[in-house]
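> Sequence and predicted structure are below.
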Amino acid sequence: MWPMPSPSQLPPALAQVRQLGLVTDNELDDAIAELDIIELQRNHNEEEDIDVPELAAGAGPVDTLAWLLRTDLLPQDVFLRRVRELPRQHDGAALLERQQLAADALRQVNRQAIDTLYDEDVIDQWQRDAAHARLPEDRLLITPVAALRDMLRQGTLSTPQFEALRLRARQSGSELARIIVDAAARQHRRERPVYARPGTWVKAALLLLALVFAASAIIGKQAPSPAAIAEPGIERPDLRQNAAHAVESARLPGAGPELSITVVQDGATPPAH
């Protein structure tokens, strides 16, 4: 690694971010190397787009810190942990300055992820404004996919709305819009808990019924007790109650129609409903 450049060779805002302790010397070295690579790409391919986020000339501390986060030169988990530790290292105005800078940079990154969704016509103006009003303050939405997933997670975007925009993206959206929506859909499906998936409680109920009826068959093959001889066809209310309770516990509210469960011994006549 080459020697650390002098402060006069650093972009002023990058030097300020380092001075405030929001990046380390190693992270600063990586940032300088990234700027050099971008400059080389720009010089050799003036008419082509650069495939990484660029740091605008004259960028201030907020824009610079946001750029470090978007490029992952400053990893999200490292940044958030560093911000949480600020009160242990600073207080008063020094603490407030660092916290404000970090909060503004996080907000800018999150807003830009939402704005990309709007620019690509994935969401409309009202959905964008609603997402802006509920930007997370404790995590980063580095990509538009993460932004769309967050909107689903917090309810800014309902499932029917998501399905509608997904259909629109497939029919008339840009290539980037389709990539964003499809990726968000795949990840959203993986994140759903097992009990929320359609049909899961039905499978559990059917398995339970199979076990209950198997147990009932075994009981029916055993020698009848005097009480059973005196009262043939008696219903087993304990089994019926346990089965119904288990099925109800397996079913989610609103997941499907009610099931009526009756368990009787072999040869018994089911009770009238």
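Sure, I can see it. Everything quoted here is computed from the prediction, not taken from an experiment.
> Output the longest helix belonging to the chain.
Looking across the chain with DSSP state H, the single longest helix is helix 92-119.
> show me where the stretch 101-250 of the chain has helices.
With helices called from DSSP state H, counting those that start in this stretch, the stretch 101-250 of the chain shows them at 125-133, 144-154, 159-172, 175-191, 200-221, 226-230, 237-250.
> Lowest mean pLDDT across these, which one is that?
Sorting the helices of the stretch 101-250 of the chain by mean pLDDT places helix 226-230 lowest, at a mean of 44.
> ok so, going back, if you average pLDDT over the longest helix of the chain, what comes out?
96.
> tell me what it is packed against?
Counting contacts by 3 or more C-beta pairs under 8 Å, 6 or more residues apart in numbering; DSSP states H and E, helix 92-119 packs against helix 61-70, helix 76-84, helix 86-89, helix 125-133, helix 144-154. Bear in mind the C-beta positions are built from the backbone N, C-alpha and C, glycine included.
> Nearest residue to Ile114 in space, please, no chain neighbours.
Ala131 (4.7 Å; C-beta to C-beta, 6 or more residues apart in numbering).
> can you pull the contacts of that neighbour?
Residues near Ala131 by C-beta atoms under 8 Å, 6 or more residues apart in numbering: 114, 117, 123, 147, 150-151, 156-157.
> Also Gln89?
Neighbouring residues of Gln89 by C-beta under 8 Å, 6+ apart: Gly21.
> Could you verify that Gly21 is part of a strand?
No: Gly21: not assigned to a strand; according to DSSP: H, G, I helix; E, B strand; the rest coil it is coil.
> Show me which positions of the longest helix of the chain end up buried.
Buried residues in helix 92-119, counting neighbours by 16 or more other C-beta atoms under 10 Å, are found at 98, 101-102, 104-118.
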